[in-house]
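Participant: Need the 3D shape of this:
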Amino acid sequence: MMPRIDGMELLRRLRQKSNMPVIFLTSKEEQIDELFGLKLGADDFIRKPFSQRLLIERVKAVLRRMSTKDNAVLKDASKEVLERGPLRVDPERHTCTWRDAPVSLTVTEFLILQALINRPGIVKSRDSLMDAAYDDQVYVDDRTIDSHVKRLRKKFRAVDGEFDLIETLYGVGYRIKELSEPTKLLGS
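Facilitator: Predicted coordinates:
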């Protein structure tokens with residue numbers, strides 16, 4: 001009942017391009033509309049009138065489900081050996097080498113490096129690096145990430161004084177430089 005296009009058509013078009021979560025807020029009362037919306041890919045269906053509390057809890061539930069799916073995909077990907085130029089990271093063995101020389105990393109440093117190498121050239125904020133390296137139950141200041149990145153660089157420079165693969169984007173975060181050599185994913 002929206003102007004120019006109805007919600008079902010909008011959802012159909014959206015699903016051709018994205019898996020973005022969708023919750024229908026509708027005044028339609030027919031069960032067939034709800035069934036059709038869910039078949040098209042809606043994540044939930046709420047009939048008007050509704051309370052804000054209900055909407056908030058439904059949004060949280062959809063985001064939890066999305067997060068669980070994303071984490072399952074990330075866990076599978078996190079087992080692959082990653083190579084970026086002379087950098088090699090093997091998550092299953094918790095090993096890291098730079099120009100074939102071993103670099104000993106703490107668990108937190110390893111998780112930060114892994115988060116950076118998974119998306120070369122893409123800037124990771126301190127918050128996203130904290131999410132990658134720490135459990136939800138642990139609180140750390142975002143500047144703690146700066147200390148870990150500083151130690152990462154120091155460990156790599158002990159192996160190669162010219163190491164400069166980790167870039168700082170002041171006020172934004174960190175990223176692994178994009179090298180001309182593409183990232184290789186090797187089966188473990």
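Participant: the strands in the protein, which residues?
Facilitator: Applying DSSP state E to the chain gives strands spanning 23-26, 44-47, 81-84, 87-90, 95-98, 101-102, 166-169, 173-176, 184-186.
Participant: For these, give me a markdown table that also has distance to residue 118.
Facilitator: All C-beta spots, glycine's among them, are computed from the backbone N, C-alpha and C. Formatted as a markdown table, the strands of the chain follow (distance: least, Cβ to Cβ, whole Å):
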| stretch | distance to residue 118 |
| --- | --- |
| strand 23-26 | 29 |
| strand 44-47 | 30 |
| strand 81-84 | 7 |
| strand 87-90 | 9 |
| strand 95-98 | 14 |
| strand 101-102 | 21 |
| strand 166-169 | 14 |
| strand 173-176 | 9 |
| strand 184-186 | 10 |
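Participant: CSV for those, including distance to residue 5, mean neighbour count and mean pLDDT?
Facilitator: Shown next, in CSV, are the strands of the chain (distance: least, Cβ to Cβ, whole Å; neighbours: other Cβ atoms under 10 Å; pLDDT from 0 to 100):
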stretch, distance to residue 5, mean neighbour count, mean pLDDT
strand 23-26, 14, 16, 85
strand 44-47, 18, 16, 86
strand 81-84, 43, 19, 86
strand 87-90, 46, 21, 92
strand 95-98, 51, 18, 94
strand 101-102, 58, 12, 94
strand 166-169, 39, 14, 93
strand 173-176, 38, 21, 92
strand 184-186, 40, 11, 44
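Participant: closest one to residue 11 among those?
Facilitator: Proximity to residue 11 (Cβ to Cβ) singles out strand 23-26 among the strands of the chain, at 7.8 Å.
Participant: who's in contact with residue 132?
Facilitator: 111-112, 114-115, 124 (Cβ atoms under 8 Å, 6 or more residues apart in numbering).
Participant: One more pass at 10 Å, please.
Facilitator: Taking Cβ atoms under 10 Å, 6 or more residues apart in numbering as the criterion, residue 132 is in contact with 74, 78, 108, 111-116, 118, 124, 145.
Participant: ditto for residue 156
Facilitator: Residue 156 touches 87, 96, 98-99, 101, 103, 105, 113, 162-166, counting by Cβ under 10 Å, 6+ apart.
Participant: what's the most distant pair in those?
Facilitator: Greatest spatial distance among the contacts of residue 156 (Cβ to Cβ): 105 and 162, at 19.2 Å.
Participant: which of those two has more neighbours?
Facilitator: When residue 105 and residue 162 are compared on other Cβ atoms under 10 Å, the one with more neighbours turns out to be residue 105, at 21 against 7.
Participant: Return the set of residues that bridge with the nearest residue to that one once chain neighbours are set aside.
Facilitator: Of all residues not flanking residue 105 in the chain, residue 96 sits nearest, at 5.5 Å (Cβ to Cβ, 6 or more residues apart in numbering). Legend: beta-bridge partners of residue 96 under DSSP bridges are residue 89.
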